[in-house]
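S.K.: My questions concern the predicted model and sequence given below.
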Amino acid sequence: RASRSSTLSFDFDVVMSVDERDARDLQQFLEMENQKAVIQAAIGKLSEVCFEKCVVKPGNKLDATEASCISNCAGRYLDTSMFMMNRMVQKK
């Protein structure tokens, strides 16, 4: 009986460590998915803002002025976002 009890205890410990590992893996997965969602939302917002600002009359393709405007708009948006994130990190 004593050996049976220790075997059950060992199995329980193994199950607990697997559950903890699964919980950590799940947490990491959810964090990565959240980061992907944040990035996708930022890209969507960037596209919306720059398109509204730069494309006056949508057509089959962008003309050179529109393409340049969108490129500049996106660059400024990303530079500003990076600047703001760096400032927030510095204030912590």
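M.R.: Looks like it arrived, so ask away.

S.K.: Helices of the protein, start to end?
M.R.: For the chain, the helices defined by DSSP state H cover 2-54, 64-91.

S.K.: Just send the ones you listed back as TSV, with mean neighbour count too.
M.R.: C-beta here means a position set from N, CA and C on the backbone, and glycine is covered the same way. As requested, those are exported to TSV (neighbours: other C-beta atoms under 10 Å):
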stretch	mean neighbour count
helix 2-54	11
helix 64-91	12
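
S.K.: any chance of those helices in a markdown table, with mean pLDDT too?
M.R.: Supplementary listing: the helices of the chain in a markdown table, determined by pLDDT from 0 to 100:
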| stretch | mean pLDDT |
| --- | --- |
| helix 2-54 | 78 |
| helix 64-91 | 91 |
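
S.K.: any idea how far Arg21 is from Glu31?
M.R.: 16 Å (C-beta to C-beta, to the nearest Å).

S.K.: measure the residue nearest to Leu46 when sequence neighbours are not counted to Cys54 for me?
M.R.: Among residues not flanking Leu46 along the chain, Tyr77 sits closest, at 5.2 Å (C-beta to C-beta, 6 or more residues apart in numbering). According to C-beta to C-beta, Tyr77 and Cys54 sit 12 Å apart.

S.K.: same deal with Glu20?
M.R.: In terms of C-beta to C-beta, Glu20 sits 51 Å off from Cys54.

S.K.: Next: Asp79.
M.R.: 17 Å.

S.K.: what does Gly75 give?
M.R.: Applying C-beta to C-beta to Gly75 and Cys54 gives a distance of 12 Å.
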